[in-house]
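Asks: Everything below, folded, please.
(one chain, ligands or ions: 1)
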Amino acid sequence: MRSLFIFITCTVIFCSCARTDSPAKDFTPAVSNLSVALGDTSFTIQVSIFDSSSRLIFVHIHDDEQTAKNATHRFLEHQGGTLISIQNNGERLITFPFNGRSYTFDPNRMLTRKGIIESLQILQPFDEKAVPEVERFANSLLQKIPAKSYVIAMHNNTANNYSVLSYLPNGSLQGEAEKVHVSKKMDPDDFVFTTDHRIFNGLQKRDISVVLQKEIPATDDGSLSILFGRRKIAYTNIEAEHNHINDQLQLLEAVANIAAK
Ligand SMILES: [Zn+2]
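Replies: Numbering: from 1, shown residues only. Next comes the predicted model:
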């Protein structure tokens, strides 16, 4: 009897330990690969729905930023939501053939006409015939984002370059920020950029580095944040240095927690 009691006690302890180790929720994605025309070729936009009842939509635009993608997957597997990503062979810039020429642009500069033109001008001799091709591709991506979703873009950056400090007075992007909170506890490359006052206030309270975009930013760079800012839609961008996966996941969990309230 005593040994039976010990056996049952051990089993209960083992089961409760096992339950703690494996998360209560576990979502497996339904993945759709959608072929989208661009010039004389096509690219795949992948939509991975982990939990369709969540209004969180993650957008992964730069295919070389794998830390951001992996952090998003880790979140989605346990919390749910949807990931929309551009498949580009692990490259940041998109290159496509059109009418015997090759064109390259930055996909996070394709969300406004000005951004498209500037991106094409920087990367090759400009040819306006490429603009409507990129515009159509950008619209295809936007059409995949359901109405009433909460959009979070996931990005990575390199050390000592673009960071939360870029938005401080005398920083290269000071004209884009309404407010900036810099946490002394964090690497400046790991931060959140948002158009959403709730996210800014909530993260500032938790001493997490965060930038609130100006209602009318100084520069139209054709990024998702400019587009959503103009449309007055809440939008948040989570930045972390390459390989800072745990930091990026923590930022994501903090943002999702505030967005859900
Ligand atoms: Zn990026």
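
Asks: what number of residues lie near residue 122?
Replies: Using other C-beta atoms under 10 Å, residue 122 has 12 other residues around it. From N, CA and C alone the C-beta is placed, and that goes for glycine too.

Asks: residues in contact with it?
Replies: Residue 122 makes no contacts at all, as judged by C-beta atoms under 8 Å, 6 or more residues apart in numbering.

Asks: where's it relative to residue 251, distance?
Replies: When distance is defined by C-beta to C-beta, to the nearest Å, residue 122 is 29 Å away from residue 251.

Asks: cool, and residue 191?
Replies: 8 Å.

Asks: Repeat that for residue 83.
Replies: 16 Å.

Asks: Show the pLDDT at the nearest residue to residue 103 once chain neighbours are set aside.
Replies: In this structure, residue 103 finds its nearest non-sequential neighbour in residue 130, 4.5 Å apart by C-beta to C-beta, 6 or more residues apart in numbering. With respect to pLDDT, residue 130 scores 97.

Asks: you'd agree residue 130 is in a helix?
Replies: Yes: using DSSP: H, G, I helix; E, B strand; the rest coil, the assignment for residue 130 is a helix.

Asks: show me the contacts for it.
Replies: By C-beta under 8 Å, 6+ apart, residue 130 lies in contact with 39, 98, 101, 103, 105, 120.

Asks: For the residues you listed, give me a markdown table that also has pLDDT, secondary structure and distance to the ion.
Replies: Formatted as a markdown table, the contacts of residue 130 follow (pLDDT from 0 to 100; DSSP: H, G, I helix; E, B strand; the rest coil; distance: C-beta to the ion, whole Å):
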| residue | pLDDT | secondary structure | distance to the ion |
| --- | --- | --- | --- |
| 39 | 97 | coil | 22 |
| 98 | 97 | strand | 24 |
| 101 | 96 | strand | 26 |
| 103 | 97 | strand | 20 |
| 105 | 98 | strand | 14 |
| 120 | 97 | helix | 18 |
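
Asks: who wins for most neighbours among the residues you listed?
Replies: Most surrounded of these: other C-beta under 10 Å gives residue 105, at 29 neighbours.

Asks: right, and it touches residue 116 too?
Replies: Yes: counting by C-beta atoms under 8 Å, residue 116 is a contact partner of residue 105 at 6.6 Å.

Asks: who touches both of these two?
Replies: By C-beta under 8 Å, 6+ apart, the residues touching both residue 105 and residue 116 are residue 134.

Asks: which one of residue 191 and residue 251 has more residues nearby?
Replies: Legend: neighbour count by other C-beta under 10 Å for residue 191 and residue 251, higher for residue 191 (29 against 26).

Asks: Of all pairs in the contacts of residue 130, which one spans the longest distance?
Replies: 101 and 105 (13.0 Å; C-beta to C-beta).

Asks: got the residue ranges for the helices in the stretch 151-261 of the chain?
Replies: 197-205, 224-230, 245-259 (DSSP state H, counting those that start in this stretch).

Asks: and if you look at the stretch 1-150 of the chain?
Replies: So, for the stretch 1-150 of the chain - with DSSP H, counting those that start in this stretch - the helices run 2-21, 66-79, 113-123, 131-143.

Asks: The ones you listed: lowest mean pLDDT?
Replies: Averaging pLDDT over each of the helices of the stretch 1-150 of the chain puts helix 2-21 lowest, since it has a mean of 41.

Asks: which residue sits closest to whatever residue of the stretch 151-261 of the chain ends up closest to the ion, ignoring its sequence neighbours?
Replies: In the stretch 151-261 of the chain, the residue that lies nearest the ion is residue 155 (3.4 Å; C-beta to the ion). Closest residue in space to residue 155, ignoring its immediate chain neighbours: residue 239 at 5.2 Å, by C-beta to C-beta, 6+ apart.
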